[in-house]
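> A structural model of the following input is requested.
(chains A and B)
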Amino acid sequence: MTDVLRSSPTAAQRGPRQRLLARLWRHRGLYLMLLPGLLWFALFRYWPLWNAQIAFKDFQPVQGVLHSPWVGLSNFTQFFQSYYFTQLMTNTLVISFAKLLIGLPPAIILALAIHESSRKGLARVTQTVTYLPHFLSWVIVFGILLAMLSPGSGLVNKALVAAGGDPVSFLTDPGAFRAVVIFSDIWKETGWSAILFLAALIGISPSLYEAAEVDGATRWQRIRHISLPGMLDVIVLVTLLRLGHILDAGFYQIYVLYSLPVYSVADVIDTWVYRQGIQNFQFSLATAVGLFKGLIGLLMIVVANRVARRFAGQGLY
Amino acid sequence: MTHPRTTARTLALVTLSALLGAHAQKATDLSVALYAANPEAPAPTAGWDTGEVIRARTGVNLKFTMLPTGADGDNKLGSLAAANDLPDLFEIRNRNLFYQLIRQGQVAPVSSLLAQMPQRTKARYGNAMRNGLVNENGQMYGLQEPATLSRQYGIMIRQDWLEKLNLKAPTTLDEFLNVARAFTERDPDGNGRKDTFGYCGVIDFDTAGILPGLGLGNHFQWVYGAYGVPGTWNYRAGAAFAANVRNPNYRKATEYVRRLVDAKVMDPDWATMKRSDLRNRWQQGKCGLFFESVGGLIAGFKNFEANNPKGDLRFVPVPKGPAGSRSMGTFANAGTLLVVSKKAMDAGKGPAIAKFLEWANSGEGYYQLAFGKKGADYTLVGGIPTVTTTNVNGRLTNTQLRFLALNGQAAELKGRYGTLKFGDGRSVNVYNLLMDTRRTNNWIDRSGDLVVPAAPNQADIDRYISESLVQFVLGQRPLNDDSWKAFTDGLNGLNFAGYEKNAYAALKAGGFVK
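Purely as a prediction, here's the structure:
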């Protein structure tokens, strides 16, 4: 027994490979739990990158991804030279930034309101009622909007007419359509977005609030000096993550809501790709636009992260 | 010792069994994807009667996939094509996809199948002009069926409202507007509210038997027909061939639609409504005039009657324009397009496909696919298949493959389009209605549209024209000389001239234009 113990090398005597294996074995439970996540990323995030090469090819399914002929950047130039390119970029950025800038504050305010509420029952009901619309599909939301906004029989227009005004075609008027897109998105997603901020608020130590209260801080002062700084990390994180998807203006929502009369203000990159790339079977073009969107998103994250680190002292990485 | 005769019998039986066994083993798996004949009815289940009959008669194990209607079906086929996983035999409605698949080598020439299905070929594939729609580089890449049910659309009118308001059915565009105005403003349903519409139409190209095209869609094609510019192309212009949108009459037709909108005789939701919304409206009794098919009339008739017990719907002849032109729209003399994947042909499935299609063309196969189970779903009355079952969904499920069988002949149409009986004892022979809409509406055959190749930026072209027209008719853009010129000049930025040039070349090569 003693001989055996003597013959096994000490930690210092083991090589780096052995040390690594020993460490892996010691934390085998954690690594096992990590495995499904890694597999998911490998299969659904990294493996598709291989197929993304069709963005630079004239994809021929019979020849496969590997053997389809290379066409250089022609799929990208087709998109950049598209008749509607400028309009598509403008619409996408306007809708996306508006959703970010107008949509974020209500979620923060809602989280603060729920957190500050002294009636916990009411807070729970409010939270449930506000996040439930997140689970409705855009098709259902469109039905609700039609019932509210239709110029013929919508409740809002009936009220306008009853008040002596003229009905407004909210869904076909280019002047009103973007507002419908942005506010319907806020209505649907604010409660869901508030959950993250609420989690951040719950993570703040109650002793800070108690100390502030003892010092005579008002509710507003507590929010300003404790809650908001406590949420700042999450606000920055959410903003950075959303900036990474700045060219995703919300395909499903716009596809369901838009129609010919409002294409000029509603057609975004994704709806164009759907019509030109998917319905016209130009899969290489659709992939090229997807890559372009990904690159812009990455760029936005890198730049915004630097800005956040400089001015807020913290970033995503 | 066994008797020699017994031995011979045994040997004969063994040989017969072996042959039968071999025959059973020859059953071929065949994947078939078709657009749903009836999307509202369920897809056939695995234990489907028709599937058993097909196996017994043709030795084919049929794996049937119902494609969703409209663009969703096209997208599904496109995805299967991208994965190089097309079904053995399938239907294509999107010509752009068809030509792409030919270029990619995913579909096989089908000429070799014709001799293997002589009756079907004689009945369906003998028209050289129609076969020309599926020829590429001298090869026939599809089985182009003749149209079995085109031109079934028309403008319907509430005859009871006409009589109540002491009006005559409109025959010109001006009369049409006057009647539509009266239907909107004079409370024809007598409920004391101004809640009816003169004309109900939607922006919709997806109507069976009518060609897709540029502009406002089929529900307004009759307006463009009244100005002599229905459809996308001007076939009669010879060397001056161009798209109709270049013709000054196209603007006049657009101005007329604008007049309908300005007069507020149309449902204010029309620009965003779907065809199903329109059908709800007329069934509720909100529409005095509307564009509908004979099939749509049959499907919605019960609802309409329940909501409007005294309602009386009739087709009116298409109105004439100022110069006397009139046309309800355009149609193609071509129906279902069937395609065989190259993989299936390479795997030797050609003979099984031919045998299955030949069986579907006539006799037992025809009736089984077109009308369901004899005795259970239908009976023959004087040679006319007459539906007897009350299980509508069951019958429709049994006949989801009916477009492989239908032939459009009189007995079949009389069987499909019987008599509608009203609660007050009146009745309408729908077959006669169908014949009337075909005969009286000056439909224009534009089958050649099917050979026109899509432009690389087709989606942008479609959007530009449709969006601009909608803006004109909704009043979002002024409709005058300058704005119209700006609109037609804008076509240059889309290389529309190149699209026209390619269209002319294809139509000329196909013999559709001089």
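> which bits of chain B sit near chain A?
For chain B, the residues in contact with chain A (Cβ under 8 Å from any Cβ of the partner chain) are B:71, B:74-75, B:78, B:81-84, B:96-97, B:100, B:104-106, B:203, B:267-269, B:271-272, B:342, B:454, B:456-460, B:462-464, B:466-467, B:470-471, B:474, B:476, B:493-494. Every C-beta, even on glycine, is put in place using the N, C-alpha and C of the backbone.
> contact residues of chain A facing chain B?
A:59-62, A:64, A:78, A:82-84, A:146, A:150-153, A:167, A:169, A:171-172, A:174, A:259-261, A:263-264, A:267, A:272, A:275-276, A:278-281, A:283.
> try 7 Å this time
Among all residues of chain A, those adjacent to chain B (criterion: Cβ under 7 Å from any Cβ of the partner chain) are A:60-62, A:82-84, A:150-152, A:167, A:169, A:171-172, A:174, A:259-261, A:263, A:275-276, A:278-281, A:283.
> give the helix, strand or coil label for B:Ser31.
Of the three states, B:Ser31 takes strand under DSSP: H, G, I helix; E, B strand; the rest coil.
> verify the stated contact: it with B:Pro87.
Yes: the pair B:Ser31 / B:Pro87 is scored as a contact, 4.1 Å apart, by Cβ atoms under 7 Å.
> what do those two both touch?
B:Thr65 (Cβ atoms under 7 Å, 6 or more residues apart in numbering or on different chains).
> B:Leu86 belongs to a helix, doesn't it?
No: per three-state DSSP, B:Leu86 lies outside any helix segment and is coil.
> what's the burial count for it?
Neighbour count for B:Leu86, taken as other Cβ atoms under 10 Å in any protein chain shown: 23.
> phi first, then psi, for it.
phi -70, psi 150 (degrees, to the nearest 10).
> same thing with the one 4 residues further on?
The main-chain torsion angles of B:Phe90 are listed as degrees, to the nearest 10 and equal phi -150, psi 160.
> show me where pLDDT drops low in the chain?
Unless you meant another one, I'm taking chain A. For chain A, residues meeting the criterion pLDDT under 70 lie at A:1-13.
> oops, I was thinking of chain B
Within chain B, the ranges that satisfy pLDDT under 70 run B:1-26.
> okay, which residue is most central for it?
By Cα atoms, centre = their mean, chain B has its centre lying nearest to B:Ala208, at 1.7 Å.
> quick one: that one from B:Tyr99, how far?
According to Cβ to Cβ, to the nearest Å, B:Ala208 stands 21 Å off from B:Tyr99.
> so between B:Ser31 and B:Pro87, which is more surrounded?
Using other Cβ under 10 Å as the criterion, B:Ser31 and B:Pro87 rank with B:Pro87 on top: 22 against 18.
> now do the contacts for that one.
Counting by Cβ under 7 Å, 6+ apart, B:Pro87 touches B:31-33, B:65, B:341.
> then A:Trp40?
Contact analysis of A:Trp40 by Cβ under 7 Å, 6+ apart lists nothing.
> follow-up on the earlier one: please pick the buried ones from the residues of chain A next to chain B.
Neighbour counting over those (16 or more other Cβ atoms under 10 Å in any protein chain shown) leaves A:60-61, A:82-84, A:150-152, A:167, A:169, A:171-172, A:259-261, A:263, A:275-276, A:278-281, A:283 as the buried ones.
> what is the neighbour count of the closest residue to B:Tyr153 other than its chain neighbours?
Closest residue to B:Tyr153 apart from its sequence neighbours, by Cβ to Cβ, 6 or more residues apart in numbering or on different chains: B:Ser293 at 4.8 Å. Counted with other Cβ under 10 Å, the neighbours of B:Ser293 add up to 21.
> for B:Ser293, what are its contacts?
By Cβ under 7 Å, 6+ apart, the contact list for B:Ser293 reads B:152-153, B:207.
> so which of the residues you listed are in helices?
Among the contacts of B:Ser293, the subset assigned to helices under DSSP state H is empty.
> closest to A:Ile108 among the residues you listed?
Minimum distance to A:Ile108 across the contacts of B:Ser293 is 49.4 Å, recorded for B:Thr207 (Cβ to Cβ).
> now do the helices in the stretch 51-200 of chain A.
Using DSSP state H, counting those that start in this stretch, the helices found in the stretch 51-200 of chain A span residues A:64-67, A:74-80, A:85-116, A:120-131, A:138-149, A:155-162, A:174-202.
> how many neighbours does residue 67 have?
Answering for chain A, as no chain was given. 9.
> right idea, wrong chain: chain B
Neighbours around B:Leu67, by other Cβ under 10 Å: 22.
> what of B:Asn131?
17.
> which ones are touching it?
By Cβ under 7 Å, 6+ apart, B:Asn131 lies in contact with B:125, B:140, B:144.
> and it, what element?
With elements taken from DSSP states H and E, the one containing B:Asn131 is helix B:128-131.
> ditto for B:Gln221
Per DSSP H and E, B:Gln221 falls inside helix B:221-226.
> buried sites along the helix or strand just after that helix?
Downstream of helix B:221-226, the next assigned helix or strand under DSSP H and E is helix B:248-262. Neighbour counts over helix B:248-262 (16+ other Cβ under 10 Å) mark B:249-258, B:260-261 as buried.
> contacts for stretch B:441-448, please.
With Cβ under 7 Å, 6+ apart, stretch B:441-448 has contacts from B:133, B:151, B:154, B:211, B:230-231, B:235, B:317-318, B:326-334, B:507, B:510, B:512.
> of those residues, which belong to helices?
Among the contacts of stretch B:441-448, the members falling in helices are B:Leu507 (criterion: DSSP H).
> so what's the residue of the stretch 101-250 of chain A found nearest chain B up against?
The stretch 101-250 of chain A approaches chain B most closely through A:Pro151 (4.1 Å), counting by Cβ to the nearest Cβ. Applying Cβ under 7 Å, 6+ apart, we find A:Pro151 in contact with A:157, A:167-169, B:268-269.
> ok, now B:Gln106?
By Cβ under 7 Å, 6+ apart, B:Gln106 lies in contact with A:61-62, B:81, B:86, B:341-342.
> let's go with 8 Å and repeat that
Residues in contact with B:Gln106 (Cβ atoms under 8 Å, 6 or more residues apart in numbering or on different chains) are A:61-62, B:81, B:84, B:86, B:341-343.
> can you redo the buried residues of helix B:248-262 as a markdown table with distance to A:Phe44?
Compiled in a markdown table, the buried residues of helix B:248-262 are given as follows (distance: Cβ to Cβ, whole Å):
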| residue | distance to A:Phe44 |
| --- | --- |
| B:Asn249 | 55 |
| B:Tyr250 | 49 |
| B:Arg251 | 52 |
| B:Lys252 | 55 |
| B:Ala253 | 51 |
| B:Thr254 | 49 |
| B:Glu255 | 54 |
| B:Tyr256 | 54 |
| B:Val257 | 48 |
| B:Arg258 | 51 |
| B:Leu260 | 51 |
| B:Val261 | 48 |
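> for the spatially most central residue of chain A, identify the helix or strand it belongs to.
For chain A, A:Arg242 is the residue whose C-alpha lies nearest the centre (Cα atoms, centre = their mean; 4.7 Å). Here A:Arg242, judged by DSSP H and E, is contained in helix A:228-243.
> how far off centre is that helix?
Centroid displacement of helix A:228-243 relative to its chain, using Cα atoms, centre = their mean, to the nearest Å, is 13 Å.
> pull it out as CSV, backbone CA atoms only.
The C-alpha trace of helix A:228-243 is given here as CSV (Å, rounded to 0.1, in the frame of the first residue of the first chain):
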residue,chain,number,x,y,z
LEU,A,228,-31.4,53.3,-11.4
PRO,A,229,-27.7,52.8,-10.7
GLY,A,230,-28.5,49.3,-9.6
MET,A,231,-30.2,48.6,-12.9
LEU,A,232,-27.5,50.3,-15.0
ASP,A,233,-25.6,47.1,-15.8
VAL,A,234,-28.7,45.4,-17.1
ILE,A,235,-29.8,48.5,-19.0
VAL,A,236,-26.4,48.6,-20.7
LEU,A,237,-26.5,44.9,-21.4
VAL,A,238,-30.0,45.0,-22.9
THR,A,239,-29.1,48.1,-25.0
LEU,A,240,-26.0,46.4,-26.3
LEU,A,241,-27.8,43.2,-27.1
ARG,A,242,-30.5,45.1,-29.0
LEU,A,243,-27.9,47.1,-30.9
